[in-house]
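Asks: The following block contains a protein sequence and its predicted model.
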Amino acid sequence: MNIGIIGAGMSTVGFTANLKGSHNISIFEKAKRVGGRLTMHSRVHRNEIIKFNLGAQYAKASSSEFKQLLKDAGCKTISGTILDNFSQSIIKSSDKYIHQNGLHNVVEYHLQSQNIKLNTLVTNVNLDQKTLSFDGAPDEEFDLIISSTPLPQFNALANINNRSSEELFSKCIAVGVLLNDDALFKHNCYKNISNLLSWTSLSTAFCSRSPTSITIHFTQNVSNELFDLEDLDIASIAIDDIVKSLGINKSSFTNNIKVFKWRYALCKKDFTKEGYMKISNDVFAIGDWALGPRVESAYDSGKKLANLINA
């Protein structure tokens, strides 16, 4: 079967890892690398690479299968301690898996044998003709089309008028900052920092071989409120709240910052019982949005669709 997949994320891993039989699979990814919202950003600072872990900070594994998949790709558990700032208690870190170069490396590892076309933007999905259109390339026809993008993005590509799909998601804002000094941070990670910030972690939580940076995630409601602000304003709000909530001296932070925004990030739980959405007999949509806001949910969504095709 000739299969075209839009997006190279964890749900695509779940599909390709569990699909049986011989198929011709083409994966189209608009970015320059795979991983989607698992992305890590980096930049050079004084001949060293700063790592800003702005995507999913970690992945939890409820099944032995997914735990092994993470370990096979080189994942380990978070280093150091995690403090819940609201309760002032240390929380479990042994169930939270990270990768020293970012969780997108899990996707990269498990899709390395697949035919992935990077920097390839799908501009339209023709449901009747089962074709994908591209920016500057001929249309391609497939026996089966699968979208692993957020559902509103797929609806736009396929000209499906379903505004309710927007309600599945909330926005997410992450801020990365290079630190001058991390001595005042008593823990590697902090959860429930304040009413503004849900999570922050030092780069030492996943990698000790780079200049120390900090990643800060806003809460769901605040991300929605601040989404259209300028990056410098967003970073200033994040830093000021860390200073206030954790008692960190503002001189610990540099002006070297990176802000990243996801319009379709956090999703609701149990949107579908099946774990995927059937658009037509030959077109399906998969992703964490189908099951819940976890990295493993994305994998499970792809796996459930593969099992349907296998049957």
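Replies: Happy to help now that I have it. Numbering: from 1, shown residues only.

Asks: so where's the stretch 151-300 of the chain shaky on pLDDT?
Replies: 266 (pLDDT under 70).

Asks: quick one, helices of it?
Replies: Using DSSP state H, counting those that start in this stretch, the helices assigned to the stretch 151-300 of the chain run over residues 151-157, 220-226, 231-246, 295-310.

Asks: and the strand ranked longest in the chain, which strands flank it?
Replies: Longest strand in the chain, counting residues (DSSP state E): strand 253-267. Applying DSSP bridges, strand 253-267 is found paired with strand 169-179 (antiparallel).

Asks: Kindly format the C-alpha coordinates of the strand it pairs with as CSV.
Replies: Coordinates of each C-alpha in strand 169-179 appear next as CSV, following Å, rounded to 0.1, in the frame of the first residue of the first chain:
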residue,chain,number,x,y,z
PHE,A,169,-6.3,22.8,22.3
SER,A,170,-4.8,25.6,24.4
LYS,A,171,-1.7,27.6,23.7
CYS,A,172,1.7,27.1,25.3
ILE,A,173,4.6,29.5,25.8
ALA,A,174,8.1,28.4,26.7
VAL,A,175,11.1,30.7,27.5
GLY,A,176,14.7,29.7,27.5
VAL,A,177,17.4,31.9,29.2
LEU,A,178,21.1,31.5,29.5
LEU,A,179,22.2,31.8,33.2
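
Asks: How about the secondary structure of the most centrally placed residue in the chain?
Replies: Centroid check for the chain by Cα atoms, centre = their mean gives Arg37 as the closest residue, at 2.2 Å. Look at Arg37: counting by DSSP: H, G, I helix; E, B strand; the rest coil, its state is helix.

Asks: wait, it sits on Ala265?
Replies: Yes - between Arg37 and Ala265 there is a contact under Cβ atoms under 8 Å: 6.4 Å. Any C-beta I mention is one placed from the backbone N, CA and C, and that applies to glycine too.

Asks: May I have the phi/psi pair for the spatially closest residue to Lys304 that is not a sequence neighbour?
Replies: Computed as Cβ to Cβ, 6 or more residues apart in numbering, the closest residue to Lys304 that is not its neighbour in sequence is Gly275, at 3.5 Å. Backbone torsions for Gly275, taken as degrees, to the nearest 10, come to phi 90, psi 0.

Asks: I'd say Gly275 and Ser301 touch.
Replies: Yes - in this structure, Gly275 is within contact of Ser301 by Cβ under 8 Å, at 4.8 Å.

Asks: Name the residues of stretch 70-80 that are buried.
Replies: Neighbour-count burial for stretch 70-80 flags Leu70, Ala73, Cys75, Ile78, Ser79, Gly80 (criterion: 16 or more other Cβ atoms under 10 Å).

Asks: Among those residues, which lie within helices?
Replies: Leu70 (DSSP state H).

Asks: out of the buried residues of stretch 70-80, who's nearest Asp240?
Replies: Distance to Asp240 across the buried residues of stretch 70-80 (Cβ to Cβ) is lowest for Gly80, with 24.4 Å.

Asks: which residues does Asp300 contact?
Replies: Asp300 is in contact with Gly14, Phe66, Gly275, Leu291, counting by Cβ atoms under 8 Å, 6 or more residues apart in numbering.
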